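**Student:** quick one: sequence plus predicted model below, questions after.
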Number of protein chains: 2
Amino acid sequence: MPAKRSPARRPTMKDIARRAGVSESAVSFALNDRPGVSEVTRARVRRVAEQLGWRPSTAARALSGEGAATVGLVLARPADTLGVDSFFLQLVSGIQEVLAERHLGLLFQVVEDVPDECAVYRRWWAEHRVDGVLVVDPRTDDPRPDLLDELGLPAVVIGGAPDERHPGLSTVWADDAGAMASVVDRLYGLGHRRIVHIAGLAGLAHTERRIRTLRAEAERRGLTGVESVTTDYSDAEGAAVTRRVLRSATPPTALIYDNDVMALAGVAAATELGFSVPADVSVVSWEDSALCRMVKPWLSALSRDSMEFGRTAARELTALLDGGPARTVRVPVPRLVERESTGPARDV
Amino acid sequence: MPAKRSPARRPTMKDIARRAGVSESAVSFALNDRPGVSEVTRARVRRVAEQLGWRPSTAARALSGEGAATVGLVLARPADTLGVDSFFLQLVSGIQEVLAERHLGLLFQVVEDVPDECAVYRRWWAEHRVDGVLVVDPRTDDPRPDLLDELGLPAVVIGGAPDERHPGLSTVWADDAGAMASVVDRLYGLGHRRIVHIAGLAGLAHTERRIRTLRAEAERRGLTGVESVTTDYSDAEGAAVTRRVLRSATPPTALIYDNDVMALAGVAAATELGFSVPADVSVVSWEDSALCRMVKPWLSALSRDSMEFGRTAARELTALLDGGPARTVRVPVPRLVERESTGPARDV
DNA sequence: GGTGATCGCTAAAGCGCTTGAGTGGAAGCA
DNA sequence: TGCTTCCACTCAAGCGCTTTAGCGATCACC
């Protein structure tokens, strides 16, 4: 009868040393591909380690200055806003893919707001918990880069604009400005002159970038019926804003939503008001997901590879951990895939 | 000018000891509320620690046998299946809430399949990385409970059925059987006799429970046009199955979808085929989210408090970590909230 | 006034690993 | 042969914390 409940002691380097007939240091050298042991000894040690099913104790490693083999990711989002979000899970999945290769753990935390997030960074740092962090949802006037700089915690900002003030941080970003310009371009080409952008959270760096670009593009073309309205990303606000602008005297002929959930809610709201999509009003979603093909008309959307985004970010972080220089890398511009929710403006 | 780039050394207990004029051991006793120091010393030590901004090094703690102050959660799901999932993020958010109170970290990993997941548990265990784990998506013939038993890793299974074969594991579960029975009951009351259940992944414990219950309920009532079809949870399969069953000679009058995404896709598919919801066919979604109120008709759905589910699970795990006994606790039965997608069967 | 307890604290070992400073022996060189 | 050099390896310290044993002082007790 197998002693199932025995909590099976973990083998340590000492065990390996004994079995292999060498000192602990030799084992350490052998297992870490460091010079100082002969090839035959190295092989023997490796074999024994394998047999015993040995794995280094991260705690011990961390303690002797090797780092925690863990990176952190905190998501600052009020609990009730935590809804349908395909982007985030995909991002994380991409991150994992490259972290897993290196046996790096991902410490994950969700908090209410940015100050809480900063507190978490401080704690993680003080507790030796992480070797670096991935920062999401960068903001204008963001306190986090300063903090991370101060703590000397390697970090890569996901979705931020290039930031020369923090040469220690890497940045991975998508060219929202370019994407917005291309969307406006296309809508303009279709004859649209009054465009409303139902944006996401004010203060988020990419929100502001999109808004600025839209304004610039409008001015360049002398368009006056163009505006951005910020929201909390919820379907409720998406629908509310849609209703409001569609009820105005000169309703827009095109709507750009900063995520798929709002776009969907917006289409529903528009339909309810008697607007037909895309005949009366065109709709584009700034997030492409299964949702966009789940209702009729299928939503035209800006599409990007979120997993690859995550992979890129994680790669930059590991590079940083390896002592590489901070870099700012741009992922491909989101591409507008046109489905059924966009068409020529009616009043052309 | 502040020396910003100085990577600010973390204070250790030794620093505190020196400043407070006591030994390190005294500091340890004082800070851990252990007897062995006078109250005045304890207070002084506490004050110094606070001043210095000291935080215990988890690495050191873990090394001296105190555990890693971390729990693990691995999500085994093929990358491309990782879509719109409101449940999971909410669950995690609830988990975090109680873990954060205790300053427990959450180590998160997504892998491809269950064998990979087992490998992760082994690794975490060997590396001393986690004190316990939360297991999601339990399956029939699940190898994980055995493994965790063997490793002696405290664990709570989320969404499993009570399991007497593993007295070491806690279980937190919702009564799917009861919920399914109530749904069938309601649909039956509305006159529905032919019901198709578009289920989730075969092999998932709760999928099987729902299927079994549906069959039992059907038999009890002598219904013959009742079946379950398993899918991969994707909108694509949801739509495909919907089309298939609706095209049969005797199409069902009610459809139960195991998640919101499939329900939505199903409604779209039905509509395309000329079926009107709920006049021709009723639809209920086994997941309630913003999606359910985003399309017309609004989806009737089984609603539950996913965050609370997470909180409960995390609480059980912390209890286990504190040396408490394994328990199996049931969260409230999901409640059917009827919106617009359910109605009387046509052919009654 | 001696014997124990109890209290408040210190000393030191140990957790599993890394690493710089040795050490003994073989090889290289004159 | 005597010298240095190099190699393969061992020793021991140290990372930051917990914990056991122990130690001197105070206190209670008969």
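**Tutor:** Received, thanks.
**Student:** who's in contact with residue A:228?
**Tutor:** Contact analysis of residue A:228 by C-beta atoms under 8 Å, 6 or more residues apart in numbering or on different chains lists A:196-199, A:210-211, A:214-215. (Glycine included, C-beta is placed from N, CA and C.)
**Student:** what does the host helix or strand of residue A:41 contact?
**Tutor:** When elements are assigned from DSSP states H and E, residue A:41 belongs to helix A:39-52. Here helix A:39-52 makes contact (C-beta under 8 Å, 6+ apart) with A:11, A:15-16, A:19-20, A:22, A:26-27, A:29-31, A:37.
**Student:** and DNA strand D, which of these reach it?
**Tutor:** When contact is defined as C-beta under 7 Å from any atom of the strand, the contacts of helix A:39-52 meet DNA strand D at A:22, A:26, A:29, A:37.
**Student:** surely the second one is within a strand?
**Tutor:** No. For residue A:26, which was evaluated using DSSP: H, G, I helix; E, B strand; the rest coil, the result is helix, with no strand membership.
**Student:** near chain B at all, stretch A:332-345?
**Tutor:** No. Stretch A:332-345 is not in contact with chain B by C-beta under 8 Å from any C-beta of the partner chain; minimum separation 12.4 Å.
**Student:** touching that stretch from outside, list them.
**Tutor:** Applying C-beta under 8 Å, 6+ apart, the set of residues contacting stretch A:332-345 is A:174-176, A:178-179, A:182-183, A:186-187, A:190-193, A:253-254, A:263, A:267, A:277-279, A:282-286, A:288, A:292-293, A:296-305.
**Student:** so of those residues, which ones are in strands?
**Tutor:** Among the contacts of stretch A:332-345, the ones falling in strands (DSSP state E) are A:174, A:254, A:282-285, A:300-303.
**Student:** quick one on the thing from earlier: let's see which of the contacts of residue A:228 end up in strands.
**Tutor:** A:196-198.
**Student:** going by distance to DNA strand D, which of those residues wins?
**Tutor:** Among the ones in strands among the contacts of residue A:228, residue A:198 lies closest to DNA strand D (C-beta to the nearest atom of the strand), at 49.1 Å.
**Student:** what sits against that closest one?
**Tutor:** By C-beta under 8 Å, 6+ apart, the contact set of residue A:198 is A:228-229, A:231, A:238, A:241-242, A:255-258, A:262, A:266.
**Student:** for these, which one is nearest residue A:142?
**Tutor:** If you rank those by distance to residue A:142 using C-beta to C-beta, residue A:258 comes first, at 18.7 Å.
**Student:** can you read off the backbone torsions of that closest one?
**Tutor:** phi -80, psi -10 (degrees, to the nearest 10).
**Student:** how many residues are close by it?
**Tutor:** The number of residues packed near residue A:258 is 27, by other C-beta atoms under 10 Å in any protein chain shown.
**Student:** pull out the buried residues from the contacts of stretch A:332-345.
**Tutor:** Among those, those buried by neighbour count (16 or more other C-beta atoms under 10 Å in any protein chain shown) are A:174-176, A:179, A:182-183, A:186-187, A:190, A:192-193, A:253-254, A:263, A:267, A:277-278, A:282-286, A:288, A:292-293, A:297, A:299-305.
**Student:** next secondary structure element downstream of the strand or helix carrying residue A:92?
**Tutor:** Using DSSP H and E, residue A:92 sits within helix A:86-101. Proceeding N to C from helix A:86-101, the next assigned helix or strand is strand A:105-111, under DSSP H and E.
**Student:** just the angle for that next one relative to helix A:86-101, thanks.
**Tutor:** Angle between the axes of strand A:105-111 and helix A:86-101 is 150 degrees (criterion: axes from the mean of the first three to the mean of the last three C-alpha atoms, to 10 degrees).
**Student:** which helices and strands sit right next to strand A:105-111?
**Tutor:** strand A:70-76, helix A:86-101, helix A:114-126, helix B:86-101, strand B:105-111 (3 or more C-beta pairs under 8 Å, 6 or more residues apart in numbering or on different chains; DSSP states H and E).
**Student:** quick check, nearest of the ones next to DNA strand D among the contacts of helix A:39-52 to DNA strand C?
**Tutor:** For those, the nearest to DNA strand C is residue A:29 (5.8 Å; C-beta to the nearest atom of the strand).
**Student:** ok, the residue nearest to the closest one when sequence neighbours are not counted - contacts?
**Tutor:** Distances taken as C-beta to C-beta, 6 or more residues apart in numbering or on different chains put residue A:36 closest to residue A:29, at 4.1 Å, once the chain neighbours are dropped. Neighbouring residues of residue A:36 by C-beta under 8 Å, 6+ apart: A:25-26, A:29.
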